[in-house]
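S.K.: got a predicted structure plus its sequence, pasted below:
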Amino acid sequence: MKSILIVLLTFVTICSYSQNKTDISLKWKDTDEQKTEISSETGDLYKKLEHHGPAIENEWMGLRLYFDHKVAVDVYNKTRPGLELAEAGWYPTEEQQNEGLGADQYKVGSTVGMGGVRLWNPETKEEMFLDPVTKRTARVKKEAGISYMEVLSEGIPYMGDTIDVLVRVTVFSGHREAKVEAFALSSNPVYFLTGINYHDKTEVRQSDNFICTWGIHPEDVAAVQLNIGGAVLFNPDDFASITKEEKQFELVSEPTKYLSLWVTSACEKEEEINSLESFVRYIEGLGLTK
């Protein structure tokens, strides 16, 4: 874990004096004006915001957080390195895809997607959405060497208390992995739930420190379906249980007020990471796995 943090700090320092290869996007649907913050007392602006919530990207992938009860992490896969959100948003045309832009290949549905955050009720053994809320706020920010997005969900009923939960996702210039963090703004520790989903046509590899998938997602907005990889990388000591459920792997944390993990993705059209085997080799070489 320390090795990748040192590498990331080095990248951030270098990129402070060079090009920042990350970007952000948060705006109302059918508008061009970018915002840094948008709030809602209903907690649901899924249909009113471009890409259904805040979005960020690095050279290899785009990520978005759904602005509704799911607060799931979704992925936009790229076939070549570069920044694409400003040009194509989350849904490039078929012509743009044929010219080399990426596409929304990942299918989240009702799951956490790739590293989304929810709560867990230890008494009923049930997943709990970050909902209902008294207010939900999305923020994006681009700084030297990084970009990040946040969703703050306020006033969530949980275990006889009312709590706030902040979910933050950060991308680093020149580095494929993104960091997912969850903060419980509460009097007592909570049980977080995170994980990664899978489908009938995806293969799964699991280790002590990571879970990754590779294959076709049943998405219908891309011009051509491609094999894509998704992965969550984590410290197993942070979790009380890791189980494979019908649609997703569920990682339930130990009681805590802070949780972090890493996510990454790849696509079969990339030059180097273009198969399950190469994706697993890449993950194992990060220094995050045993």
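M.R.: Received the coordinates, thanks. Residues are numbered from 1 along each chain as shown.

S.K.: quick one: the strands in the stretch 1-150 of the chain?
M.R.: Secondary structure of the stretch 1-150 of the chain (DSSP state E, counting those that start in this stretch): strands at 23-25, 37-40, 55-57, 61-65, 73-77, 118-121, 126-128, 135-143, 146-158.

S.K.: just want the angle from the fourth one to strand 73-77.
M.R.: For strand 61-65 and strand 73-77, the angle between their directions (axes from the mean of the first three to the mean of the last three C-alpha atoms, to 10 degrees) works out to 160 degrees.

S.K.: can you give me the distance of residue 253 to residue 234?
M.R.: Between residue 253 and residue 234 the computed distance is 10 Å (C-beta to C-beta, to the nearest Å). C-betas here are computed from N, CA, C, even on glycine.

S.K.: which residues sit in contact with the residue nearest the centre of the chain?
M.R.: With distances taken as C-alpha atoms, centre = their mean, residue 73 lies nearest the centre of the chain, 3.6 Å away. By C-beta atoms under 8 Å, 6 or more residues apart in numbering, residue 73 lies in contact with 63-65, 108, 112-116, 169, 180, 263.

S.K.: which of those residues sits closest to residue 189?
M.R.: Distance to residue 189, by C-beta to C-beta, is smallest for residue 180 among the contacts of residue 73, at 18.4 Å.

S.K.: now for the closest one, how many residues are close by?
M.R.: Residue 180 has 23 neighbours, counted by other C-beta atoms under 10 Å.

S.K.: partner residues bridging it?
M.R.: residue 169, residue 261 (DSSP bridges).

S.K.: swap in residue 213?
M.R.: Beta-bridge partners, per DSSP bridges, of residue 213: residue 204, residue 230.

S.K.: pretty sure it is touching residue 198, no?
M.R.: Yes. The criterion here is C-beta atoms under 8 Å, and residue 213 meets it with residue 198 at 4.9 Å.

S.K.: picking up where we left off before, ok, so of the contacts of residue 73, who is nearest residue 37?
M.R.: For these, the nearest to residue 37 is residue 65 (13.5 Å; C-beta to C-beta).

S.K.: let me see the contact set for the closest one.
M.R.: Residues in contact with residue 65, defined by C-beta under 8 Å, 6+ apart, are 53-55, 71-74, 116, 138, 149, 151, 167, 169.

S.K.: try residue 221
M.R.: 91, 103-104.

S.K.: any of these buried? List them.
M.R.: Among the contacts of residue 221, those buried by neighbour count (16 or more other C-beta atoms under 10 Å) are 103-104.

S.K.: returning to that earlier point: look up how far residue 184 lies from the residue nearest to the centre of the chain.
M.R.: Residue 73 is 18 Å from residue 184, where distance means C-beta to C-beta.

S.K.: got it, and residue 77?
M.R.: Going from residue 77 to residue 184 by C-beta to C-beta gives 31 Å.

S.K.: where does residue 280 land in three-state SS?
M.R.: helix (DSSP: H, G, I helix; E, B strand; the rest coil).

S.K.: the nearest residue to it once chain neighbours are set aside: neighbour count?
M.R.: Nearest residue to residue 280, sequence neighbours excluded (C-beta to C-beta, 6 or more residues apart in numbering): residue 205, at 5.4 Å. For residue 205, the count of nearby residues is 17 (other C-beta under 10 Å).

S.K.: doesn't residue 282 make contact with residue 205?
M.R.: No. Look at residue 205 against residue 282 with C-beta under 8 Å: they stay out of range, at 11.9 Å.

S.K.: pLDDT (mean, whole number) over the host helix or strand of residue 264?
M.R.: Applying DSSP states H and E as the criterion places residue 264 in strand 258-267. For strand 258-267, mean pLDDT rounds to 98.

S.K.: for stretch 193-200, same thing?
M.R.: Here the average pLDDT along stretch 193-200 is 98.

S.K.: check which residues of it are buried.
M.R.: 193-199.

S.K.: quick check: the farthest pair among the residues you listed?
M.R.: Longest span within the buried residues of stretch 193-200, C-beta to C-beta: 193 and 199, 19.7 Å.

S.K.: contacts only, for the closest residue to residue 255 other than its chain neighbours.
M.R.: Leaving out its chain neighbours, the residue that sits closest to residue 255 by C-beta to C-beta, 6+ apart is residue 189, at 3.7 Å. Each residue near residue 189 by C-beta under 8 Å, 6+ apart is listed here: 255-257.
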